[in-house]
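Peer 1: build me a model:
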Amino acid sequence: MDRYSKITNKNVREIVLLKAFPCAWGKCAFCDYIDDNSKDEQAMVRLNSEVLKNVTGEFGVLEVIDSASCFELPKATLEEIRNIIREKHISKLFFESHWIYRKKLQQMRDYMGIPVVYKIGIETFDNDFRENVLNKHADFKTPEEVAAYFDSPCLMVGIQGQTKEMIDRDIEILKTYFKLGTINIYTNNTTPIRRDDELVAWFAQKYKYLDDDPSVEVLWQNTDFGVGD
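Peer 2: Below you'll find the model as predicted:
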């Protein structure tokens with residue numbers, strides 16, 4: 001499992017994949033990423049500390065991800081991240097959080113003491129598909145609600161049951177309401193949710209230009225950020 005990398009093509013930054021407690025929701029229909037969760041706090045803190053030793057601060061920007069939300073990281077790990085921010089002169093932090101923590105985002109910003117770019121796994125702005133198929137437990141109704149709290153939505157493309165119209169609308173919303181965004185091309189995993197290869201091929205042709213858009217990161221493979229397995 002690779003847990004440290006450098007992203008140098010867009011939004012240049014260091015990135016670490018840390019261990020966290022189980023996701024507070026943990027019921028998304030497509031996600032087996034939660035298998036990286038743990039309840040052994042001491043072991044998590046030790047592993048996270050070893051990973052964080054790789055951070056140099058050379059870009060002044062750090063992204064911290066885990067298999068849940070940033071709020072599920074151990075307190076000792078959060079304290080270590082804060083110390084690294086100060087020691088390495090990091091001026092911007094990327095975190096990811098579930099919708100259920102939206103009222104706590106500023107609390108974490110205050111704790112870290114630097115600007116935090118918050119990502120959120122939206123998957124799609126189609127409310128019916130998001131809630132009744134993907135089971136995201138993110139009950140917002142409009143893009144404006146999301147933009148009021150979060151900076152960068154993560155969309156998912158290529159799931160059976162999605163439509164081209166749904167994806168077109170998602171891309172339009174992303175570009176209209178947000179300065180940054182990530183698009184994850186779905187990869188089959190241990191869940192029953194399956195990939196639609198024809199839809200992926202259509203997306204790759206129509207939206208290839210996004211590879212050159214500095215505000216959108218397209219992950220054609222789920223390890224394109226250099227972390228994970």
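Peer 1: beta partners for the residue lying closest to residue 219 once chain neighbours are set aside?
Peer 2: In this structure, residue 219 finds its nearest non-sequential neighbour in residue 184, 4.9 Å apart by C-beta to C-beta, 6 or more residues apart in numbering. Where C-beta positions appear, they are placed from N, C-alpha and C, glycine not excepted. With DSSP bridges as the criterion, residue 184 is bridged to residue 156, residue 219.
Peer 1: ok, residue 184 to residue 85 distance?
Peer 2: As defined by C-beta to C-beta, to the nearest Å, residue 184 lies at a distance of 27 Å from residue 85.
Peer 1: now do the contacts for the residue nearest to residue 219.
Peer 2: Going by C-beta atoms under 8 Å, 6 or more residues apart in numbering, residue 184 touches 154, 155, 156, 157, 219, 222.
Peer 1: compare these and tell me which has the most neighbours.
Peer 2: Among these, residue 157 has the most neighbours (other C-beta atoms under 10 Å), with 26 neighbours.
Peer 1: residues near residue 144, how many?
Peer 2: Neighbours of residue 144 (other C-beta under 10 Å): 10.
Peer 1: name the element it belongs to?
Peer 2: Using DSSP states H and E, residue 144 sits within helix 143-147.
Peer 1: return the set of buried residues in that helix.
Peer 2: 143, 146, 147 (16 or more other C-beta atoms under 10 Å).
Peer 1: likewise stretch 113-121?
Peer 2: Buried-residue list, stretch 113-121, by 16+ other C-beta under 10 Å: 116, 117, 118, 119, 120, 121.
Peer 1: quick revisit: from the buried residues of helix 143-147, pick the one nearest residue 37.
Peer 2: residue 146 (24.8 Å; C-beta to C-beta).
Peer 1: packing partners of the longest strand seen in the chain?
Peer 2: Longest strand in the chain, counting residues (DSSP state E): strand 116-123. In this structure, strand 116-123 makes packing contacts with strand 92-96, helix 105-112, strand 152-157, judged by 3 or more C-beta pairs under 8 Å, 6 or more residues apart in numbering; DSSP states H and E.
Peer 1: between the ones you listed, which one is nearest to residue 55?
Peer 2: strand 92-96 (11.2 Å).
Peer 1: show me where the protein has strands.
Peer 2: 4-7, 13-17, 61-65, 92-96, 116-123, 152-157, 181-185, 216-219.
Peer 1: per-residue pLDDT, residue 49?
Peer 2: For residue 49, the pLDDT comes out at 98.
Peer 1: actually residue 33, sorry about that
Peer 2: 74.
Peer 1: how about the one 4 residues further on?
Peer 2: As summarised for this prediction, residue 37 has a pLDDT of 89.
Peer 1: next one: the one 5 residues further on
Peer 2: Per-residue confidence (pLDDT) for residue 42: 97.
Peer 1: tell me where the model's unsure across this protein.
Peer 2: 34 (pLDDT under 70).
Peer 1: how close does the residue nearest to residue 219 get to residue 204?
Peer 2: For residue 184 relative to residue 204 (C-beta to C-beta), the value is 14 Å.
Peer 1: again with residue 87
Peer 2: On the measure of C-beta to C-beta, residue 87 and residue 204 end up 42 Å apart.
Peer 1: quick one: which of these two has more around it?
Peer 2: residue 204 (16 against 10).
Peer 1: can you give me the helices for the protein?
Peer 2: With DSSP state H, the ranges of helices along the chain come out as 41-52, 75-87, 105-112, 127-128, 143-147, 164-177, 197-206.
Peer 1: make TSV from these and add distance to residue 190 to it.
Peer 2: Formatted as TSV, the helices of the chain follow (distance: least, C-beta to C-beta, whole Å):
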stretch	distance to residue 190
helix 41-52	22
helix 75-87	27
helix 105-112	31
helix 127-128	25
helix 143-147	28
helix 164-177	24
helix 197-206	19
